[in-house]
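[1] predicted structure and sequence below. I'll ask about it afterward.
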Amino acid sequence: MKMRWIAGIVTVLMLLCPLAAADEADEGQIYSILDQAGALLTHYAGKPDAGDEYVTGDNRHFRIEQVNEGQRTATAAYLGEYELPDVSWLSESAQPVSAKKRAVALYCTHSDESYEPTDGVSSDEQRGGIYDVAEAFKEKLEEEGITVYFSDETHHPHDSGAYRRSRATAANLVEEGVDAVMDIHRDGIPDPESYESKIDGEDATMVRLLVGRSNQNAGANKQFAAQIKAVADELYPGLIKDIYMGKGSYNQDLMGQAILLEFGTYTNDKQDVLASTGYMADVMNKTLYGGVSGAAGSSNKMGAAAAARDDSGSFTGIAWLIGLFAVGAIVFAFIASGRGGETMKKFKRTFQEMGGGLLGGEKKEDKKK
């Protein structure tokens with residue numbers, strides 16, 4: 001059972017307390033991420049942090065160990081092959097899966113992001129070209145039979161506070177009871193070729209998956225990203241560029257199946273970017289809902305696991321709050337009584353009353369016997 005009041009408390013605490021680091025550094029800082037032999041792995045718009053993880057297109061797993069701000073490089077240690085979920089069910093032929101409700105949410109934190117070759121600018125403070133991509137993605141998802149809650153709310157300016165401003169938008173979308181929430185972006189690295197791709201013979205751009213590792217849902221977020229990549233690699237090789245797991249949260253603490261999608265970079269032609277939205281919609285449909293009945297078991301297990309982690313996180317939050325109340329009750333009872341024995345008796349009664357009979361003590365029916 002989801003505890004919305006706990007999410008509210010977490011949100012208030014996040015607003016009152018400064019974050020350890022901004023979700024994204026200055027986009028103008030382009031870092032080269034290198035392996036320990038000095039070979040280039042990728043470029044990253046913003047400052048990476050030690051502890052960030054990176055999964056290449058061919059599923060090599062790295063962790064950033066050192067960052068050189070002067071040279072704008074980061075050195076990453078090889079951790080081995082990144083194991084993706086089994087998606088052998090994609091090859092099974094069966095009837096489409098039916099579901100009571102299939103719904104996802106889309107929004108754009110960086111409202112200015114645009115595509116220079118097509119839009120004429122890389123950043124538009126009125127309404128960026130990224131909304132054209134989000135709307136095209138929405139239409140393709142709807143063609144898959146998915147209900148899409150799309151917010152065209154803007155969150156200017158493009159700075160480290162953008163995620164704080166977009167949090168209310170994301171939270172409202174999650175409240176709709178969606179199965180996933182996606183923040184639509186484009187990258188800020190200058191090289192268009194790093195995103196160019198051909199999918200089924202069509203010019204398109206790749207999509208980078210970003211996961212925030214600084215939140216209680218990071219495990220579920222990572223699994224969701226891995227499932228997306230596994231499905232995409234099987235259906236449309238060359239669609240998913242890679243996975244970057246950064247220090248921020250990207251508001252992904254709001255639910256387990258939350259992801260940030262970077263559709264190409266600002267130097268790509270937007271028409272190529274739009275071409276990738278149809279492929280991505282098919283990938284999301286199969287990732288979330290199976291697409292075929294043979295896949296439903298695998299897909300539903302993935303969703304159930306994420307939900308279980310969310311519930312586990314909620315239970316942990318409840319237990320933490322109960323623990324605080326319990327400590328307070330002990331202190332209060334001790335002060336009130338001044339005697340250890342009476343303290344424990346009062347604490348026991350208080351604790352049972354707090355749990356409404358669920359946390360110990362006799363049930364009313366038991367007392368009648």
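    Everything's here; your move. Residues are numbered from 1 along each chain as shown.

[2] next, Leu210: phi, psi?
    Dihedral angles phi and psi of Leu210 (degrees, to the nearest 10) take the values phi -110, psi 130.

[3] chain neighbours aside, what residue packs nearest to it?
    Counting by C-beta to C-beta, 6 or more residues apart in numbering, the nearest residue to Leu210 once its immediate chain neighbours are dropped is Leu260, at 3.9 Å. Using the backbone N, CA and C atoms, a C-beta is placed for each residue, glycine as well.

[4] ranges for the strands of the chain?
    If DSSP state E is used as the criterion, the strands of the chain fall at 30-35, 40-45, 53-55, 60-68, 73-81, 103-107, 147-150, 180-187, 196-199, 202-205, 207-212, 240-246, 258-265.

[5] mind putting these into TSV with mean neighbour count?
    Supplementary listing: the strands of the chain in TSV, determined by neighbours: other C-beta atoms under 10 Å:
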stretch	mean neighbour count
strand 30-35	18
strand 40-45	18
strand 53-55	22
strand 60-68	17
strand 73-81	16
strand 103-107	23
strand 147-150	18
strand 180-187	25
strand 196-199	18
strand 202-205	22
strand 207-212	25
strand 240-246	23
strand 258-265	26
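
[6] out of these, nearest to Gly129?
    With C-beta to C-beta as the measure, strand 180-187 is the member of the strands of the chain nearest Gly129 (8.2 Å).

[7] angle of that closest one against strand 240-246?
    The directions of strand 180-187 and strand 240-246 differ by 100 degrees, with axes from the mean of the first three to the mean of the last three C-alpha atoms, to 10 degrees as the criterion.

[8] what helices or strands is strand 180-187 leaning on?
    Contacts defined by 3 or more C-beta pairs under 8 Å, 6 or more residues apart in numbering; DSSP states H and E place strand 180-187 against strand 103-107, helix 130-143, helix 162-174, strand 258-265, helix 270-289.

[9] now do the last one against strand 180-187, angle only.
    In this case it means helix 270-289. Orientation note: helix 270-289 sits at an angle of 160 degrees relative to strand 180-187 (the same axes, to 10 degrees).

[10] check the shortest one too.
    With the same axes, to 10 degrees as the criterion, the two stretches strand 103-107 and strand 180-187 enclose an angle of 30 degrees.

[11] any stretches of this structure with poor pLDDT?
    Residues of the chain meeting the criterion pLDDT under 70: 1-27, 93-100, 291-369.

[12] Ile33 and Ala50 touch, don't they?
    No. Distance between Ile33 and Ala50: 12.0 Å, which falls outside the contact criterion (C-beta atoms under 8 Å).

[13] can you list residues touching both of the two?
    Contact with both Ile33 and Ala50 is made by residues Ile64, according to C-beta atoms under 8 Å, 6 or more residues apart in numbering.

[14] can you give me the distance of the residue nearest to Leu210 to Gln36?
    27 Å (C-beta to C-beta, to the nearest Å).

[15] may I have stretch 156-174 exported as PDB, CA atoms only?
    What follows is stretch 156-174, C-alpha atoms only, in PDB (Å, rounded to 0.1, in the frame of the first residue of the first chain):
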ATOM      1  CA  HIS A 156      12.600  28.000 -16.800                       C
ATOM      2  CA  PRO A 157      15.400  28.800 -16.300                       C
ATOM      3  CA  HIS A 158      17.700  26.000 -17.300                       C
ATOM      4  CA  ASP A 159      19.700  25.800 -14.100                       C
ATOM      5  CA  SER A 160      20.300  23.600 -11.100                       C
ATOM      6  CA  GLY A 161      16.900  24.600  -9.600                       C
ATOM      7  CA  ALA A 162      15.000  23.200 -12.600                       C
ATOM      8  CA  TYR A 163      14.400  19.800 -11.000                       C
ATOM      9  CA  ARG A 164      13.200  21.400  -7.900                       C
ATOM     10  CA  ARG A 165      10.700  23.400  -9.900                       C
ATOM     11  CA  SER A 166       9.600  20.400 -12.000                       C
ATOM     12  CA  ARG A 167       9.100  18.300  -8.900                       C
ATOM     13  CA  ALA A 168       5.500  19.500  -8.400                       C
ATOM     14  CA  THR A 169       4.800  18.700 -12.000                       C
ATOM     15  CA  ALA A 170       6.200  15.200 -11.700                       C
ATOM     16  CA  ALA A 171       4.400  14.500  -8.400                       C
ATOM     17  CA  ASN A 172       1.000  15.600  -9.800                       C
ATOM     18  CA  LEU A 173       1.500  13.200 -12.700                       C
ATOM     19  CA  VAL A 174       2.400  10.300 -10.400                       C
END
